[in-house]
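Student: Just the structure for this:
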Amino acid sequence: MSRSVADRFWRKVDRNGPMPERCPELGPCWIWLACTDQHGYGAIKRGPPGGSRLAHVVGWELARGAVPDGLELDHLCRNPACVNPDHLEAVTHRQNMERGSHATKTHCIRGHPFDPENTIARRDGSRACRSCKRDRKRADYRRRVLQEAFPGLPGLPGASKPRTRQRSSQEEP
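Tutor: From the prediction side, this is the model:
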(Lines give C-alpha, C1' and ligand atoms only; values in the text may rest on other atoms or scores of the structure.)
Protein backbone atom coordinates (compact mmCIF):
# COMPACT_ATOMS: atom_id res chain seq x y z
CA MET A 1 0.00 0.00 0.00
CA SER A 2 1.49 3.33 -0.99
CA ARG A 3 1.37 6.38 1.24
CA SER A 4 -0.28 9.55 0.05
CA VAL A 5 1.76 12.53 -1.08
CA ALA A 6 0.62 14.41 2.03
CA ASP A 7 1.87 11.63 4.35
CA ARG A 8 5.22 11.48 2.58
CA PHE A 9 5.50 15.27 2.56
CA TRP A 10 4.83 15.86 6.27
CA ARG A 11 7.28 13.14 7.34
CA LYS A 12 10.06 15.19 5.74
CA VAL A 13 9.27 18.60 7.29
CA ASP A 14 10.70 20.16 10.46
CA ARG A 15 8.19 22.78 11.62
CA ASN A 16 10.64 24.12 14.23
CA GLY A 17 13.09 25.73 11.84
CA PRO A 18 14.84 29.08 12.27
CA MET A 19 13.03 32.40 12.42
CA PRO A 20 13.67 34.33 9.22
CA GLU A 21 15.77 37.44 9.86
CA ARG A 22 14.04 39.34 7.08
CA CYS A 23 10.47 38.82 8.34
CA PRO A 24 10.27 37.23 11.83
CA GLU A 25 6.58 38.15 12.07
CA LEU A 26 5.85 35.23 9.69
CA GLY A 27 6.95 32.67 12.29
CA PRO A 28 9.51 29.89 11.91
CA CYS A 29 10.57 28.34 8.63
CA TRP A 30 9.41 24.80 8.01
CA ILE A 31 12.57 23.13 6.76
CA TRP A 32 12.53 20.39 4.13
CA LEU A 33 14.67 17.56 5.50
CA ALA A 34 14.87 15.32 2.43
CA CYS A 35 16.49 15.74 -0.97
CA THR A 36 17.38 19.24 -2.19
CA ASP A 37 18.61 20.49 -5.55
CA GLN A 38 21.82 22.44 -6.22
CA HIS A 39 20.08 25.70 -5.22
CA GLY A 40 18.78 24.34 -1.90
CA TYR A 41 15.14 23.84 -2.96
CA GLY A 42 13.47 20.69 -1.64
CA ALA A 43 12.33 17.98 -4.04
CA ILE A 44 9.78 15.23 -3.51
CA LYS A 45 9.29 12.23 -5.77
CA ARG A 46 5.90 12.03 -7.33
CA GLY A 47 6.25 8.53 -8.68
CA PRO A 48 6.42 7.44 -12.30
CA PRO A 49 5.89 9.05 -14.73
CA GLY A 50 5.75 12.36 -12.84
CA GLY A 51 9.36 12.47 -11.63
CA SER A 52 10.00 14.92 -8.80
CA ARG A 53 8.40 18.22 -7.83
CA LEU A 54 9.57 21.19 -5.80
CA ALA A 55 8.66 20.58 -2.17
CA HIS A 56 7.53 24.17 -1.47
CA VAL A 57 5.08 23.96 -4.38
CA VAL A 58 3.67 20.69 -3.02
CA GLY A 59 3.36 22.30 0.44
CA TRP A 60 1.51 25.27 -1.08
CA GLU A 61 -0.84 22.95 -2.99
CA LEU A 62 -1.59 20.89 0.14
CA ALA A 63 -2.43 24.05 2.11
CA ARG A 64 -3.93 26.37 -0.51
CA GLY A 65 -4.58 24.52 -3.74
CA ALA A 66 -2.93 24.97 -7.13
CA VAL A 67 -0.58 27.86 -7.83
CA PRO A 68 -2.53 30.26 -10.08
CA ASP A 69 -1.68 30.08 -13.79
CA GLY A 70 1.08 32.47 -14.82
CA LEU A 71 2.41 32.80 -11.28
CA GLU A 72 5.26 31.21 -9.33
CA LEU A 73 6.05 31.04 -5.63
CA ASP A 74 8.40 33.55 -4.00
CA HIS A 75 10.02 32.71 -0.66
CA LEU A 76 9.41 35.80 1.51
CA CYS A 77 11.85 34.37 4.06
CA ARG A 78 14.56 33.92 1.38
CA ASN A 79 15.16 30.33 2.59
CA PRO A 80 14.87 27.92 -0.38
CA ALA A 81 14.51 24.89 1.93
CA CYS A 82 11.43 26.43 3.62
CA VAL A 83 8.05 24.85 2.76
CA ASN A 84 5.90 26.96 5.10
CA PRO A 85 2.98 28.22 2.95
CA ASP A 86 2.81 31.39 5.09
CA HIS A 87 6.34 32.20 3.86
CA LEU A 88 5.34 31.87 0.20
CA GLU A 89 3.60 34.32 -2.09
CA ALA A 90 2.32 33.69 -5.62
CA VAL A 91 3.88 36.35 -7.88
CA THR A 92 4.79 36.85 -11.53
CA HIS A 93 8.23 35.74 -12.71
CA ARG A 94 9.22 39.40 -13.12
CA GLN A 95 8.26 40.20 -9.52
CA ASN A 96 10.16 37.16 -8.30
CA MET A 97 13.27 38.22 -10.24
CA GLU A 98 13.04 41.80 -8.93
CA ARG A 99 12.74 40.56 -5.33
CA GLY A 100 15.44 37.89 -5.52
CA SER A 101 18.91 37.96 -4.01
CA HIS A 102 20.43 38.90 -7.37
CA ALA A 103 18.36 42.11 -7.34
CA THR A 104 20.36 43.41 -4.37
CA LYS A 105 23.77 42.72 -5.91
CA THR A 106 25.75 45.87 -6.55
CA HIS A 107 28.32 44.29 -8.90
CA CYS A 108 28.40 41.54 -11.55
CA ILE A 109 30.46 38.38 -11.08
CA ARG A 110 33.44 40.08 -12.75
CA GLY A 111 33.29 43.09 -10.44
CA HIS A 112 31.67 45.67 -12.75
CA PRO A 113 29.14 47.92 -10.99
CA PHE A 114 25.41 47.55 -11.53
CA ASP A 115 24.77 51.26 -12.01
CA PRO A 116 22.46 53.03 -14.50
CA GLU A 117 25.21 53.37 -17.14
CA ASN A 118 26.40 49.76 -16.93
CA THR A 119 23.14 47.83 -16.41
CA ILE A 120 20.95 46.27 -19.07
CA ALA A 121 17.40 45.66 -17.79
CA ARG A 122 15.80 42.58 -19.36
CA ARG A 123 12.08 42.08 -19.94
CA ASP A 124 11.89 39.31 -17.34
CA GLY A 125 13.19 41.65 -14.61
CA SER A 126 16.74 40.30 -14.54
CA ARG A 127 19.82 42.41 -15.22
CA ALA A 128 22.92 42.02 -17.36
CA CYS A 129 26.28 43.76 -17.20
CA ARG A 130 26.93 46.04 -20.17
CA SER A 131 30.73 45.84 -19.70
CA CYS A 132 30.70 42.03 -19.72
CA LYS A 133 28.52 41.99 -22.84
CA ARG A 134 30.92 44.38 -24.59
CA ASP A 135 33.92 42.24 -23.56
CA ARG A 136 32.22 39.08 -24.89
CA LYS A 137 31.47 40.77 -28.23
CA ARG A 138 35.10 41.94 -28.54
CA ALA A 139 36.43 38.45 -27.78
CA ASP A 140 34.01 36.90 -30.31
CA TYR A 141 35.13 39.41 -32.97
CA ARG A 142 38.83 38.71 -32.33
CA ARG A 143 38.21 34.97 -32.51
CA ARG A 144 36.33 35.31 -35.83
CA VAL A 145 39.07 37.52 -37.34
CA LEU A 146 41.78 35.03 -36.33
CA GLN A 147 39.78 32.08 -37.64
CA GLU A 148 39.31 33.82 -41.01
CA ALA A 149 42.98 34.83 -41.23
CA PHE A 150 44.36 31.48 -40.04
CA PRO A 151 41.71 28.84 -40.70
CA GLY A 152 43.81 25.85 -39.65
CA LEU A 153 45.54 27.45 -36.67
CA PRO A 154 45.40 24.99 -33.77
CA GLY A 155 44.15 26.19 -30.42
CA LEU A 156 41.42 28.47 -31.76
CA PRO A 157 37.90 27.46 -30.83
CA GLY A 158 36.18 26.19 -33.92
CA ALA A 159 39.47 25.64 -35.77
CA SER A 160 39.93 22.31 -37.43
CA LYS A 161 42.65 19.99 -36.22
CA PRO A 162 45.71 19.74 -38.44
CA ARG A 163 45.67 16.71 -40.67
CA THR A 164 48.15 13.96 -40.11
CA ARG A 165 49.44 12.13 -43.13
CA GLN A 166 48.28 8.56 -43.21
CA ARG A 167 50.84 6.00 -44.24
CA SER A 168 50.08 3.72 -47.08
CA SER A 169 50.31 0.03 -46.50
CA GLN A 170 53.42 -0.08 -48.72
CA GLU A 171 55.45 2.40 -46.61
CA GLU A 172 57.65 1.17 -43.86
CA PRO A 173 57.12 2.65 -40.39
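Student: for the residue nearest in space to the middle of the chain, what are its contacts?
Tutor: For the chain, His39 is the residue whose C-alpha lies nearest the centre (CA atoms, centre = their mean; 7.0 Å). Applying CB atoms under 8 Å, 6 or more residues apart in numbering to His39 gives the contacts Pro80. For the C-beta atoms, the positions are set from N, CA and C on the backbone; glycine is no exception.
Student: can you check Asp14 too?
Tutor: Counting by CB under 8 Å, 6+ apart, Asp14 has contacts 30-31, 33.
Student: Of those, which is the most crowded?
Tutor: Trp30 (24 neighbours; other CB atoms under 10 Å).
Student: per-residue pLDDT, that one?
Tutor: With respect to pLDDT, Trp30 scores 96.
Student: quick one, longest helix in the chain?
Tutor: Criterion DSSP state H: the longest helix present in the chain is helix 130-149.
Student: Nearest to Arg110 among the contacts of Asp14?
Tutor: Nearest to Arg110 among those is Ile31, at 34.0 Å by CB to CB.
Student: partners of the helix or strand of the chain with the lowest mean pLDDT, with directions?
Tutor: Lowest on mean pLDDT, DSSP states H and E among the helices and strands of the chain sits strand 43-47, with a mean of 79. With DSSP bridges as the test, strand 43-47 is paired with strand 51-54 (antiparallel).
Student: Does anything pack onto the following helix or strand past the partner strand? Which helices or strands?
Tutor: Moving toward the C-terminus from strand 51-54, the next helix or strand (DSSP states H and E) is helix 55-64. Packing partners of helix 55-64 (3 or more CB pairs under 8 Å, 6 or more residues apart in numbering; DSSP states H and E): helix 5-10, strand 43-47, strand 72-75, strand 88-91.
Student: what comes up buried for helix 55-64?
Tutor: 55-61 (16 or more other CB atoms under 10 Å).
Student: cool, stretch 112-132 as well?
Tutor: 112, 114, 118, 125, 127, 129-132.
Student: okay, these in a markdown table with pLDDT and distance to Ala149 next?
Tutor: Shown next, in a markdown table, are the buried residues of stretch 112-132 (pLDDT from 0 to 100; distance: CB to CB, whole Å):
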| residue | pLDDT | distance to Ala149 |
| --- | --- | --- |
| His112 | 91 | 30 |
| Phe114 | 87 | 37 |
| Asn118 | 93 | 32 |
| Gly125 | 71 | 42 |
| Arg127 | 85 | 36 |
| Cys129 | 92 | 30 |
| Arg130 | 95 | 29 |
| Ser131 | 95 | 27 |
| Cys132 | 93 | 26 |
